[in-house]
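Got a sequence here, can you model it:
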Amino acid sequence: MKNLTLLLLISFFLACNYEPIQIIENPTNEFEGLWSGSFEGDDNGTWTFSIEDSGEVSGTLTSKDINLIYTLSGSVNSFGRLELLISLNSNVGVFVGNLNNGLLSGTFQNYEENREGVFSGRKSTDDEAQILNTWHFYSQVNISGETILYDNEVFCEDLFMQFNEDGTFVDDFDMNECEEPQYYGTFSVQDGYYELLYVQGGTQDMSENDIYIEYPDENTIVYEYNGSIWTYKLDISQ
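As a prediction, this is how the structure comes out:
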């Protein structure tokens, strides 16, 4: 009888003091998406990376001063603390900061080049992040108003621009002989435009172009360059 009474008391005590376990989630998926910005100090340039739902980060940092593209890799925790490694064949520095309300700021150090400074940037809007895709060349409208379509003999077949989540892009725009190598480089989303840093002939030869890309519809990007209006589409049959 005593044992039964004791069991009843224990059960009553547990029932009275039981509180459901509250699982507090502070997910990193609020940071998920494409981020871009710039850095300055002993070096200056742009950076772009993508954050996965897990908090994993991959991207690029492009120095305009020494014409090099570095890899960014690391993670962001649930509180917005960002810790990335800067790599060029091996780890050469760190890129650390804090994300808050769609903004990011922090500091970087490049031990190999003995350079350091600060960086800032923001999360891209959904509209800006539309760039992450493979866009097929559709037409050129030159300065005289003449429209030259993708199937014109002046252009090679299957021309495209591909923008990747790590901030790199490929620009396949061969003409005439159709044997030129693909151009490539890095891009960053700036206020009102996309800055493209082309690497031509290796990492020591980089040209800068500010490309103002517009989206007439979900299937199309349009921009002006070198006196012409260029149109690319996800599906050129539309």
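
now what about the helix or strand containing residue 162, what contacts it?
Using DSSP states H and E, residue 162 sits in strand 160-163. Strand 160-163 is contacted from outside by 131-137, 169-173, 187, 232, using Cβ atoms under 8 Å, 6 or more residues apart in numbering. Backbone N, C-alpha and C define where each C-beta goes, glycine included.

pLDDT score for residue 20?
pLDDT recorded at residue 20 is 48.

same check, this time on residue 86
At residue 86, pLDDT is 97.

burial measure for it, as a count.
23 (other Cβ atoms under 10 Å).

hang on, isn't it packed against residue 108?
Yes - between residue 86 and residue 108 there is a contact at 6.9 Å, judged by Cβ atoms under 8 Å.

Report the beta-bridge partners for residue 231.
In this entry, residue 231 is beta-bridged to residue 139, residue 222, by DSSP bridges.

On the pLDDT front, check it for me.
At residue 231, pLDDT is 96.

could you pull out the helices for this protein?
2-17 (DSSP state H).

For the residue nearest to residue 81 when sequence neighbours are not counted, list each beta-bridge partner.
Take residue 81 and drop its neighbours on the chain: the residue closest to it by Cβ to Cβ, 6 or more residues apart in numbering is residue 98, 6.1 Å away. With DSSP bridges applied, residue 98 shows beta-bridge pairing to residue 81, residue 105.

Which residue, other than its chain neighbours, is closest to residue 165?
Once chain neighbours are set aside, the closest to residue 165 by Cβ to Cβ, 6+ apart is residue 50, at 3.8 Å.

One more: residue 190?
Using Cβ to Cβ, 6+ apart, the nearest residue to residue 190 is residue 36, at 7.2 Å.

And for residue 206?
Using Cβ to Cβ, 6+ apart, the closest residue to residue 206 is residue 67 (4.7 Å).

what's the spacing between the one you found and residue 60?
14 Å (Cβ to Cβ, to the nearest Å).

the more surrounded of those two?
A side-by-side neighbour count of residue 67 and residue 60, using other Cβ under 10 Å, places residue 60 first with 23 against 16.

check contacts around the nearest residue to the more buried one once chain neighbours are set aside.
Closest residue in space to residue 60, ignoring its immediate chain neighbours: residue 167 at 4.1 Å, by Cβ to Cβ, 6+ apart. Listed by Cβ under 8 Å, 6+ apart, the contact partners of residue 167 are 36, 47-50, 59-60, 62, 186-188.

confidence score at residue 167?
96.

before we move on, back to that, report the contact partners of the residue nearest to residue 165.
Here residue 50 is in contact with 33-35, 57-59, 165-167 (Cβ under 8 Å, 6+ apart).

same thing but at 7 Å, please
Residues counted as contacts of residue 50 (Cβ atoms under 7 Å, 6 or more residues apart in numbering) are 33-34, 58-59, 165-166.

repeat for residue 109
Per Cβ under 7 Å, 6+ apart, neighbours of residue 109: 93-94, 116.

for it, which residues make a bridge with it?
Beta-bridge partners, per DSSP bridges, of residue 109: residue 94, residue 116.

distance of it from residue 60?
On the measure of Cβ to Cβ, residue 109 and residue 60 end up 17 Å apart.

what do you get for residue 114?
In terms of Cβ to Cβ, residue 114 sits 21 Å off from residue 60.
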